[in-house]
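Colleague: The following block contains a protein sequence and its predicted model.
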Amino acid sequence: MQLPRSGLAIIGLVSFISFSNASEPATERSDWKKHFDDVSAIGTIIVVDERASSKHTFVYNANRAKVRYSPASTFKIPHTLFALQHGAVRDEFQVFQWDGVSRTFAGHNQDQDLRSAMRYSTLWVYQRFAKQINENQAKKYLSSIDYGNADPTTSTGDYWVDGNLRISAVEQVAFLQKLYRNQLPFAVEHQRLVKDLMVNEADYEWILRAKTGWEGRYGWWVGWVEWREGPVFFALNIETPNRAEDLGKRQIIAKTVLRSIQALPTDPGDGAER
């Protein structure tokens with residue numbers, strides 16, 4: 001098998017793991033353990049490289065990649081689609097008035113629009129959406145996009161953090177692949193808007209679209225890097241025993257992995273967000 005790009009020359013023993021919703025087997029990258037060990041983290045990452053010269057699927061810790069966890073704030077990606085479809089928000093310019101309640105994260109304590117709500121992971125905006133989109137309708141939306149276990153029930157708190165909704169890293173990538181291609185059962189203009197809201201970084205030749213998530217015990221970073229040759233999708237989750245102190249590890253690990261396959265250029269800036 002021809003391995004793509006020079007950065008992939010040393011893999012060691014490789015095993016092939018078939019994922020039920022993947023188009024091809026994933027190569028287990030045991031060498032990526034070092035990137036987790038370097039920041040004292042336990043977790044998984046799956047990368048689906050669809051660039052014309054590099055087509056391949058890689059995974060570190062394949063067993064964990066198939067385990068479902070609460071999506072936490074990564075759910076803001078589909079949730080925004082639901083809100084637009086349902087009419088809970090008109091567009092990216094609609095302003096949501098802050099209720100004056102002081103919250104832990106300073107970015108939440110101000111008026112919001114869709115762009116700032118995505119950037120700051122503003123929970124109270126999406127709690128308002130959830131109140132307008134009842135459980136039955138949420139279930140229909142979730143089932144229509146085959147999102148994890150598609151279960152929006154909860155006995156307390158928000159169903160995408162504290163409730164029963166669960167999704168795996170493998171399923172996160174499958175969802176993102178459909179969004180990238182505007183293949184979800186929502187208006188194309190809404191899918192394009194959500195992708196615009198997801199932009200984290202960009203240069204002349206690439207765009208990084210991604211979203212963080214944090215349940216408290218574990219955190220996510222999911223998204224893709226767009227190149228002229230094609231996209232490189234990724235989904236990472238890690239344990240966060242030190243809570244907020246561990247959040248920056250998500251981007252550090254994922255960016256190091258992506259740079260190792262030349263899916264991101266070298267860049268020392270690795271910020272953290274919720």
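Modeller: Done, it's in.

Colleague: going forward, measure contacts between C-alpha atoms and count neighbours the same way
Modeller: Will do.

Colleague: secondary structure class for the residue positioned nearest the centre of the chain?
Modeller: What sits nearest the mean C-alpha location of the chain, by C-alpha atoms, centre = their mean, is residue 222, with 2.4 Å. Under DSSP: H, G, I helix; E, B strand; the rest coil, residue 222 falls in the strand class.

Colleague: pretty sure it contacts residue 232?
Modeller: No: taking C-alpha atoms under 8 Å as the definition, residue 222 is not a contact partner of residue 232, at 11.1 Å.

Colleague: does residue 125 sit in a helix or strand, and which one?
Modeller: helix 123-132 (DSSP states H and E).

Colleague: Past that helix, which element shows up next along the chain?
Modeller: Next element after helix 123-132 (DSSP H and E): helix 135-144.

Colleague: so for the helix or strand just after that next one, what's the average pLDDT?
Modeller: Downstream of helix 135-144, the first helix or strand assigned by DSSP H and E is helix 169-180. Averaging pLDDT along helix 169-180 yields 98.

Colleague: who's in contact with helix 169-180?
Modeller: 19, 21-22, 44-46, 48, 65-68, 145-148, 184, 191, 195, 222-224, 233-237 (C-alpha atoms under 8 Å, 6 or more residues apart in numbering).

Colleague: next one: stretch 192-209
Modeller: 77, 80-81, 92, 114-115, 118-119, 179-180, 182, 210-211, 223-228.

Colleague: Narrow the residues you listed to those that are buried.
Modeller: 77, 80-81, 92, 114-115, 118-119, 179-180, 182, 210-211, 223-227 (16 or more other C-alpha atoms under 10 Å).

Colleague: Residue 83: which element?
Modeller: Counting by DSSP H and E, residue 83 is part of helix 76-86.

Colleague: can you give me the offset of that helix from its chain's centre?
Modeller: 15 Å (C-alpha atoms, centre = their mean, to the nearest Å).

Colleague: do the same with stretch 212-219
Modeller: On C-alpha atoms, centre = their mean, the centre of stretch 212-219 falls 11 Å from that of its chain.

Colleague: Tell me which stretches of the stretch 1-150 of the chain form helices.
Modeller: 33-37, 62-65, 76-86, 114-119, 123-132, 135-144 (DSSP state H, counting those that start in this stretch).

Colleague: if we can go back for a sec, in terms of pLDDT, where does the residue nearest to the centre of the chain sit?
Modeller: pLDDT at residue 222 comes out at 98.

Colleague: To which secondary structure element type does the spatially closest residue to it that is not a sequence neighbour belong?
Modeller: For residue 222, ignoring the flanking residues on the chain, the nearest one in space by C-alpha to C-alpha, 6 or more residues apart in numbering is residue 235 at 4.2 Å. Under three-state DSSP, residue 235 falls in the strand class.

Colleague: Bridged to residue 231, which residues?
Modeller: residue 226 (DSSP bridges).

Colleague: Based on its surroundings, how many neighbours for it?
Modeller: 23 (other C-alpha atoms under 10 Å).

Colleague: remind me which residues of the stretch 1-150 of the chain are low pLDDT?
Modeller: Judged by pLDDT under 70, the stretch 1-150 of the chain has its weakly predicted residues at 1-24.

Colleague: any idea which helix or strand carries the residue lying closest to residue 221 once chain neighbours are set aside?
Modeller: Closest residue in space to residue 221, ignoring its immediate chain neighbours: residue 212 at 4.4 Å, by C-alpha to C-alpha, 6+ apart. Assessed by DSSP H and E, residue 212 sits inside strand 206-214.

Colleague: Next: residue 251.
Modeller: Here residue 251 is assigned to helix 248-260, by DSSP H and E.
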